[in-house]
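what follows is a predicted protein model with its sequence.
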Amino acid sequence: MSTQEKVHKPRWERRKDARPQELLSAALDLFVERGYAAARLEDVAARAGVSKGTLYLYFNNKEELFKAVIRENLTPVLDEAQDLIDSYAGHSADLFREFILGWWAKIGDTKLSGITKLMMSEAGNFPEVAGFYHEEIISRSNGMVVRILERGVERGEFRPLDLKHANMVIVSPMLTLMLWKHSFGLCHIEPIASPDYLRCFIDLLTHGLLCAPARN
């Protein structure tokens, strides 16, 4: 093959053996950068270096591709968190701290947190996608937070709580941190230092605002 033929050979003809993982990686990038509605399958294929037809060998449509991105990237993190909760032997406050910091390190502080912003902004336009995400990610994550709280109450480490609303109070600051990161944070407007934010958040949740009562 001549040098000229190599130069003009279409990229996808050199990458017909692209694995689904390469497509999922490209799809994650584009979903985070552009959102669900604006991410086009042909652009995913181009970023992965294949033809659109090659993409259709693995995924029938954008919704199927998005679900695969979620299951490939987020489900394993939730599995690991569940294993932590099931096997933890220490104080529930320490478990809570490890859960929050681990979650931030593996999701919040990575491009995966952009999926949260995508879902918050586009769920109303794509109810089927929103339902899938809620069932597979949100419901499961909420269940793990509630389980940590239940564990603490059962062991006498936490006081009795309204578990449903306590879960929402815990989740909301984490959502705020992610949304800020992918909005004002990108514009360098009042950036939030996530380590300091997380330390303050964990301290408030585990110690509250009131001074400890005086001891006799």
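Looks like it came in fine. Numbering: from 1, shown residues only.

check which helices and strands the longest helix seen in the chain sits against.
Ordering each helix of the chain by length in residues (DSSP state H) puts helix 163-181 first. Using 3 or more Cβ pairs under 8 Å, 6 or more residues apart in numbering; DSSP states H and E as the contact test, the elements touching helix 163-181 are helix 113-122, helix 139-154, helix 194-207. Using the backbone N, CA and C atoms, a C-beta is placed for each residue, glycine as well.

flag every buried residue along it.
Residues 167, 170, 173-174, 177-181 are the ones in helix 163-181 that count as buried (16 or more other Cβ atoms under 10 Å).

tell me the mean pLDDT over that helix?
Confidence for helix 163-181, expressed as mean pLDDT, is 93.

could you measure from the closest residue to residue 68 other than its chain neighbours over to residue 67?
Leaving aside its chain neighbours, residue 68 sits nearest to residue 24 (5.9 Å; criterion: Cβ to Cβ, 6 or more residues apart in numbering). Applying Cβ to Cβ, to the nearest Å, the value for residue 24 to residue 67 is 11 Å.

what's the offset of the strand or helix carrying residue 96 from the middle of its chain?
Using DSSP states H and E, residue 96 sits within helix 92-103. Chain-centre distance of helix 92-103: 16 Å, with Cα atoms, centre = their mean, to the nearest Å.

can you give me the domain boundaries for this structure?
Listed domain ranges for the chain are 3-70, 74-207 (source: automatic domain parsing).
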